[in-house]
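J.: model the following, please.
(one chain, ligands or ions: 2)
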Amino acid sequence: MLHVSRCTRNGGTHISIITRVLSRYISNGANTQLLNHLKERGLISQVSAPEEKLVTKIQNGDKLKMYCGVDPTAKSIHLGNLVPMMLLLNFYIRGHDIVNIVGGATGAVGDPSGRTTERKSMADDTRLDNVSRITTQLKRFFQNGSRYYNDKYNSNHNGSGEYLMTNNYDWWKDVKMIDFLATYGKHIRIQSMLSRDSVSARLNSQGSLGFNEFTYQILQAYDFYHLYKNENTTIQIGGNDQWGNITAGIDLINRVEQNSKQVKENPPFAITVPLLTTSNGQKFGKSAGNAIFLDEEINTAYDIYQFFLNTTDEDVGRFLKIFTLMPMEKISRVIETHNEKPQLRYGQAVLAKEVTEMIHGTKKSEDAEIISKILFGTYDSNDSNELVRLFSDARILKKAKINTDIVSLVSELMKCSKGEAKRKVSQGSVYLGNNKVRILENITDLSQYLIDNEVLLLRVGKQKCFVVQLL
Ligand SMILES: Nc1ncnc2c1ncn2[C@@H]1O[C@H](COP(=O)(O)OP(=O)(O)OP(=O)(O)O)[C@@H](O)[C@H]1O
Ligand SMILES: N[C@@H](Cc1ccc(O)cc1)C(=O)O
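T.: Ligands and ions are numbered 1, 2, ... in the order given. Modelled structure (predicted):
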């Protein structure tokens with residue numbers, strides 16, 4: 001079960017009340033109310049001061065440039081990472097410029113934020129491979145996201161902003177330690193470093209903190225400074241756990257650039273998104289081991305569809321606002337329809353289809369929907385080729401020998417003993433074929449139930465359905 005924590009830092013409750021009050025003035029993403037719209041969507045947790053200045057810039061129609069970084073600590077980004085990326089995407093489709101950093105340098109050091117233990121170090125070739133995979137995934141996410149918005153919600157929108165993908169190793173590889181300390185060291189205050197949540201939490205607990213992790217905030221701070229100076233990137237976005245690292249960047253920029261025209265006219269900002277957490281409050285992500293990944297080698301489009309189909313009634317509206325670009329009025333209509341008969345899970349079906357479409361495209365989203373309908377018994381397919389393709393793409397196609405008997409097959413599919421499988425059969429819980437013929441005894445000739453002499457649909461009770469290719 002997932003939740004979006006309302007606020008995790010001091011003053012959070014206060015901010016969320018303000019957020020709710022401000023949200024009354026929502027418009028559907030018009031520039032004047034863009035920040036409020038994004039708060040209403042549940043995509044903003046905190047904005048650094050002076051927020052009015054940022055609001056004024058948006059109201060004036062200024063083009064903004066913002067970034068969000070991801071460390072290559074796994075092969076793939078996951079649904080938790082998508083929360084800040086959805087915030088970026090919302091700005092991007094409205095013509096603002098966005099930048100992604102993949103942390104080739106920071107990934108080697110290790111961010112202590114939100115962690116109670118030290119990270120294990122990673123082999124260089126694994127990290128490099130992760131950098132290249134995440135680079136491709138993020139580029140594709142923004143391409144697909146922009147296309148999905150265009151095709152679905154705004155075919156004549158003015159076009160998205162510019163997208164820049166960077167790797168922080170590109171600038172860190174040239175930075176010399178002595179030069180760095182001499183130029184920036186005096187602007188980085190130890191007191192502030194010690195007070196960051198990521199550091200103080202570890203110092204106040206049993207877990208120790210290596211110098212690498214302690215200095216991580218300096219690396220991220222300098223990244224922001226680098227992008228601010230070289231790319232005019234004035235906003236950094238991240239999950240709530242990144243507040244300390246992001247404000248470290250703002251402090252550095254303000255100190256190094258003190259009194260500069262750039263800092264007066266275009267001060268740096270932090271915007272954080274709420275953290276998606278599990279029901280016991282753990283951040284949904286790699287470290288907690290509960291992530292759903294975007295890389296299809298790890299999780300298929302059907303896994304993503306299925307994940308959202310399992311959303312609780314309580315979370316459907318919230319997730320539609322966070323994980324889709326569906327206009328607010330349309331979300332309200334979906335929720336109204338859903339609430340008339342929640343047991344039909346209409347809201348979940350819309351959510352699952354939209355998110356899968358945005359991430360993996362229309363075809364895969366339609367495929368996932370068909371698979372789900374077949375499994376729930378609301379769609380019949382008599383095309384064995386289609387069934388084999390759909391279920392093997394989703395990596396849930398089962399295979400068995402053509403001469404198998406039903407008890408052995410149930411035992412294998414349900415991972416239970418033959419005795420247990422026999423009981424299921426005799427109790428009438430096993431059904432075969434599209435027309436769900438109840439089987440009450442062990443049979444060896446399954447041919448009359450096969451689709452195109454090859455594929456068997458087997459149900460056990462109401463919950464379990466398997467598509468089996470008999471070879
Ligand atoms: N569950 C989540 N909800 C919202 N944002 C998240 C979530 N998980 C990660 N993020 C954000 O995604 C961005 C990239 O995060 P990162 O690469 O560190 O992944 P991660 O899953 O947090 O990693 P790890 O679990 O190893 O700490 C950060 O801004 C982070 O705050
Ligand atoms: N520290 C971020 C990733 C990141 C890396 C470099 C940056 O400049 C920004 C963000 C995280 O672990 O989630």
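J.: for stretch 211-227, buried residues please.
T.: Across stretch 211-227, burial judged by 16 or more other Cβ atoms under 10 Å covers 213-214, 216-227. Every residue, glycine included, has its C-beta placed from N, CA and C.
J.: which among those residues are in contact with ligand 2?
T.: 220, 223 (Cβ under 6 Å from any ligand atom).
J.: closest to ligand 2 out of the buried residues of stretch 211-227?
T.: Lowest distance from ligand 2 to the buried residues of stretch 211-227 (Cβ to the nearest ligand atom) belongs to residue 223, with 3.1 Å.
J.: in contact with the closest one: list those residues for me.
T.: By Cβ atoms under 8 Å, 6 or more residues apart in numbering, residue 223 lies in contact with 69, 101, 106, 168, 171, 249.
J.: I'd like to know how many residues surround residue 208.
T.: 10 (other Cβ atoms under 10 Å).
J.: list the contacts for it?
T.: So residue 208 contacts 118, 202 (Cβ under 8 Å, 6+ apart).
J.: relative to residue 381, how far out is it?
T.: 57 Å (Cβ to Cβ, to the nearest Å).
J.: could you do residue 457 as well?
T.: Distance from residue 457 to residue 381, counting by Cβ to Cβ: 9 Å.
J.: those two - which one has more neighbours?
T.: Shown here are residue 457 and residue 381; by other Cβ under 10 Å, residue 457 has more neighbours (23 against 18).
J.: please enumerate the strands of the protein.
T.: 2-4, 46-47, 65-70, 97-102, 163-167, 235-239, 269-273, 276-278, 398-400, 430-432, 437-439, 455-460, 464-470 (DSSP state E).
J.: please enumerate the shared neighbours of residue 457 and residue 381.
T.: In contact with both residue 457 and residue 381: 374, 434, 451, using Cβ under 8 Å, 6+ apart.
J.: flag whichever of these scores worst on pLDDT.
T.: pLDDT across those is at its lowest for residue 434, which sits at 86.
J.: quick one on the thing from earlier: could you export the strands of the chain as a markdown table, including mean pLDDT and distance to residue 298?
T.: Putting the strands of the chain into a markdown table (pLDDT from 0 to 100; distance: least, Cβ to Cβ, whole Å) gives the following:
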| stretch | mean pLDDT | distance to residue 298 |
| --- | --- | --- |
| strand 2-4 | 45 | 18 |
| strand 46-47 | 97 | 31 |
| strand 65-70 | 98 | 16 |
| strand 97-102 | 98 | 17 |
| strand 163-167 | 98 | 21 |
| strand 235-239 | 98 | 21 |
| strand 269-273 | 98 | 23 |
| strand 276-278 | 81 | 18 |
| strand 398-400 | 95 | 21 |
| strand 430-432 | 95 | 32 |
| strand 437-439 | 93 | 36 |
| strand 455-460 | 95 | 27 |
| strand 464-470 | 94 | 22 |
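J.: who wins for proximity to ligand 1 among these?
T.: Closest approach to ligand 1 among the strands of the chain (Cβ to the nearest ligand atom): strand 235-239, 2.1 Å.
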